[in-house]
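build me a model from this:
(4 chains)
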Number of protein chains: 2
Amino acid sequence: MKPTTYAILGQLAFRPWAAYELVKEMRRNFHYFYPRAESGLYAELKKLDQLGLARSESQTKGKKDRLVYTITEEGRKVLRDWLNTEPSSFHLEFDGLLRLFLSRFGGPGVVQNALIKTRLDSEELLELAQKVGREYLTGIAPAQSEIVLRACVFDFLVHYALLYKDWAIKTETYLARASQLKQEDSIELAKDSIRTTMKKFGMEGAQLGYNPTPPPPSRGL
Amino acid sequence: MKPTTYAILGQLAFRPWAAYELVKEMRRNFHYFYPRAESGLYAELKKLDQLGLARSESQTKGKKDRLVYTITEEGRKVLRDWLNTEPSSFHLEFDGLLRLFLSRFGGPGVVQNALIKTRLDSEELLELAQKVGREYLTGIAPAQSEIVLRACVFDFLVHYALLYKDWAIKTETYLARASQLKQEDSIELAKDSIRTTMKKFGMEGAQLGYNPTPPPPSRGL
DNA sequence: GGACACATGTAACGGGTTACATGATTTC
DNA sequence: GAAATCATGTAACCCGTTACATGTGTCC
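I've put the predicted structure just below:
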């Protein structure tokens, strides 16, 4: 019983699904916070059947047979038990940030690349979120009756996407600025940035290393 | 050559490290956006040596020998090449959100559990971030000279942590409120939430499904 | 001198992905 | 009727984790 199993079982708990539809729905629902390769899902469904947690029934649609899976009582019980289990922590892998971190060992395009990729991906997510949001508002979403819970997921996902987008944009600006400064000034800029973030969120220590009277930048004349 | 390899190689590019220190530093640096089991890192170091991307030299500290790894020219080249490669997308696994999504199939504590766990984890990250931030501001951070780039990472991580914390808190409130409403009202609440989020971020379609004159809640008398 | 954290691994296991395979169905 | 897309898998592989194993400083 691996986590993936429960994700599928959970999706099955809403209603019976034909394999393909189930897979598509899971992509739509989980892709951004619980991504799994589609091939794995088909395999997992077979196993659920073998274990007696779901039953498959062949239905004819058009000329092709398709397997429709239904959760069993046993399946519901297993799912319920898992849900009463301790959740594990969120877990992120952010390649772009790693590259930024190491960017001084690469060519000049590394940072740009990482930030652009981040922005594009976040925008893709935002598109999707927008589409889904509209569906719920117009009442045509496939899981309309689940709207109360789904609104939480929606909310998370939108803010999550915006985190990346905003970060990518502001970081681009920040690094562009920093690259035009003398080293010591760029260091001050960095400290300012850290200080600002800390202050913004009420973290203690934000006043550290503060230069009380920064010499005004001498402009000509 | 897997991503982990490059992460280590990258860390090695800053300076030579004794295995243990390297592992600790990587934990500190990458744990929240590129987590890897420590045992794997030791194994990976050996492989870097075999491949000629790093060289290990035994040094004596106290009475015990420790291997100190240094990146080679070849290693730097490999790292550089990788950095010029396309980054992959960010990739999140958020068990808590999955559980929230499926919470109606579990007992009553599921949602609470998921939200509490989320908040605790986010607070842990915030603690760490605060500590690191202070180190940079006071100038005692181990990679002080990297401050310009690290400030970006810091910024991301703080906002990332706050995303979870804020979300957990507001979701708790939202769901508590929703659970006290009649079903139709909770649906309106959900739609409002979706609408608000969409509007807040300038997404089109936020006006959909809007009930122009919601009947004022009738209060007694 | 017993306990506990430090420091470094290794062997086995397992979950998940990649890449491919195959028929059916629609499209032009 | 050729090409593309739908629908469903499967077999191989690989990356990473878990769970241990072992010696060594260090603290009371």
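
can you pull the contacts of the nearest residue to residue A:155 once chain neighbours are set aside?
Using C-beta to C-beta, 6 or more residues apart in numbering or on different chains and skipping the chain neighbours, the partner closest in space to residue A:155 is residue B:197 (5.5 Å). Where you see a C-beta, it was placed from the backbone N, CA and C, and this is true even at glycine. With contact taken as C-beta atoms under 8 Å, 6 or more residues apart in numbering or on different chains, residue B:197 is in contact with A:133, A:154, A:155, A:158, A:159, B:203.

the second one is in contact with residue A:135, isn't it?
No - Residue A:154 sits out of contact with residue A:135 when judged by C-beta atoms under 8 Å, with a separation of 10.3 Å.

poorly predicted segments of chain A, please.
A:61-63, A:210-221 (pLDDT under 70).

walk me through the domains of it.
Chain A breaks down by automatic domain parsing into domains covering A:3-81, A:95-200.

near DNA strand D at all, the shortest one?
Spelled out, it's domain A:3-81. Yes - interface with DNA strand D: domain A:3-81 contributes A:18-21, A:23, A:38-39, A:42-43, A:45-46, A:64, A:66-67 (C-beta under 7 Å from any atom of the strand).

in those residues, which residue is surrounded by the most others?
Among the residues of domain A:3-81 next to DNA strand D, residue A:45 has the most neighbours (other C-beta atoms under 10 Å in any protein chain shown), with 22 neighbours.

any idea which element that one lies in?
helix A:38-51 (DSSP states H and E).

what does residue A:66 give?
Assigned by DSSP H and E, residue A:66 belongs to strand A:64-71.

direction included, what does that strand pair up with?
Using DSSP bridges, strand A:64-71 pairs in its sheet with strand A:17-18 (antiparallel), strand A:54-61 (antiparallel).

what angle do that strand and helix A:38-51 make?
Going by axes from the mean of the first three to the mean of the last three C-alpha atoms, to 10 degrees, strand A:64-71 is angled at 60 degrees with respect to helix A:38-51.

and after strand A:64-71, which helix or strand comes next?
helix A:73-83.

which other helices and strands contact that next one?
With contacts taken as 3 or more C-beta pairs under 8 Å, 6 or more residues apart in numbering or on different chains; DSSP states H and E, helix A:73-83 sits against helix A:3-14.

helices or strands next to the helix it packs on in the packing?
Against helix A:3-14 (3+ C-beta pairs under 8 Å, 6+ apart) you get helix A:19-30, helix A:38-51, strand A:64-71, helix A:73-83, helix B:95-101.

pull up the residues of chain A that are close to DNA strand C.
A:2, A:3, A:4, A:35, A:36, A:37, A:39, A:40, A:43, A:62, A:63, A:64.

just give me the neighbour total for the second one.
Same thing as residue A:3. So residue A:3, with other C-beta under 10 Å, has 14 neighbours.

the third one too?
Neighbours of residue A:4 under the rule other C-beta under 10 Å: 17.

that one and residue A:36 touch, don't they?
Yes - with contact defined as C-beta under 8 Å, residue A:4 reaches residue A:36; the gap is 5.6 Å.

ramachandran angles for the residue nearest to the spatial centre of chain A?
By C-alpha atoms, centre = their mean, chain A has its centre lying nearest to residue A:32, at 4.1 Å. Here the main-chain torsion angles of residue A:32 (degrees, to the nearest 10) amount to phi -90, psi -10.

that one: what's it in contact with?
A:125, A:128, A:157, A:160, B:92.

next: residue A:148.
Counted by C-beta under 8 Å, 6+ apart, residue A:148 has contacts B:175, B:178, B:186, B:187, B:189, B:190.

go on, residue A:30?
Going by C-beta under 8 Å, 6+ apart, residue A:30 touches A:7, A:36, B:98.

mind telling me which residue of chain A is nearest DNA strand D?
In chain A, the residue that lies nearest DNA strand D is residue A:20 (2.2 Å; C-beta to the nearest atom of the strand).

before we move on, the earlier item: redo the contacts of residue A:32 as TSV? Include distance to DNA strand D and secondary structure.
As requested, the contacts of residue A:32 are exported to TSV (distance: C-beta to the nearest atom of the strand, whole Å; DSSP: H, G, I helix; E, B strand; the rest coil):
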residue	distance to DNA strand D	secondary structure
A:125	21	helix
A:128	17	helix
A:157	24	helix
A:160	22	helix
B:92	15	strand
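
take the residues you listed and lay them out in a markdown table including neighbour count.
As requested, the contacts of residue A:32 are exported to a markdown table (neighbours: other C-beta atoms under 10 Å in any protein chain shown):
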| residue | neighbour count |
| --- | --- |
| A:125 | 21 |
| A:128 | 15 |
| A:157 | 22 |
| A:160 | 23 |
| B:92 | 17 |
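
before we move on, back to that, contacts for the strand holding residue A:66, please.
Contacts of strand A:64-71 (C-beta under 8 Å, 6+ apart): A:9, A:12-13, A:16-20, A:22, A:45, A:48-49, A:53-60, A:79.

swap the cut-off to 10 Å and go again
If you take C-beta atoms under 10 Å, 6 or more residues apart in numbering or on different chains as the criterion, strand A:64-71 is touched by A:8-22, A:42, A:45-46, A:48-49, A:53-61, A:75, A:78-79, B:105.

can you tell me which of those residues are buried?
Those of these that meet the buried threshold are A:8-14, A:16-19, A:22, A:45, A:48-49, A:53-54, A:56, A:75, A:78-79, B:105, by 16 or more other C-beta atoms under 10 Å in any protein chain shown.

residue A:185 contacts residue A:179, correct?
No - with contacts counted by C-beta atoms under 10 Å, residue A:185 stays clear of residue A:179, the gap being 11.1 Å.

which one's more surrounded, these two?
Using other C-beta under 10 Å as the criterion, residue A:185 and residue A:179 rank with residue A:185 on top: 14 against 11.

assumed the more buried one was part of a helix.
Yes - the assignment for residue A:185, made by DSSP: H, G, I helix; E, B strand; the rest coil, places it in a helix.

Provide a list of residues in contact with residue A:154.
A:129, A:132, A:133, A:136, A:147, B:190, B:193, B:194, B:197, B:198.

restrict these to contacts with DNA strand D.
Of these, not one also sits near DNA strand D (C-beta under 7 Å from any atom of the strand).

a markdown table please, covering those residues and showing secondary structure and distance to residue B:28.
Shown next, in a markdown table, are these (DSSP: H, G, I helix; E, B strand; the rest coil; distance: C-beta to C-beta, whole Å):
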| residue | secondary structure | distance to residue B:28 |
| --- | --- | --- |
| A:129 | helix | 33 |
| A:132 | helix | 37 |
| A:133 | helix | 38 |
| A:136 | helix | 41 |
| A:147 | helix | 42 |
| B:190 | helix | 40 |
| B:193 | helix | 37 |
| B:194 | helix | 39 |
| B:197 | helix | 34 |
| B:198 | helix | 38 |
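
of those residues, buried ones?
Buried, going by 16+ other C-beta under 10 Å: A:129, A:132, A:133, A:136, A:147, B:190, B:193, B:194, B:197, B:198, out of these.
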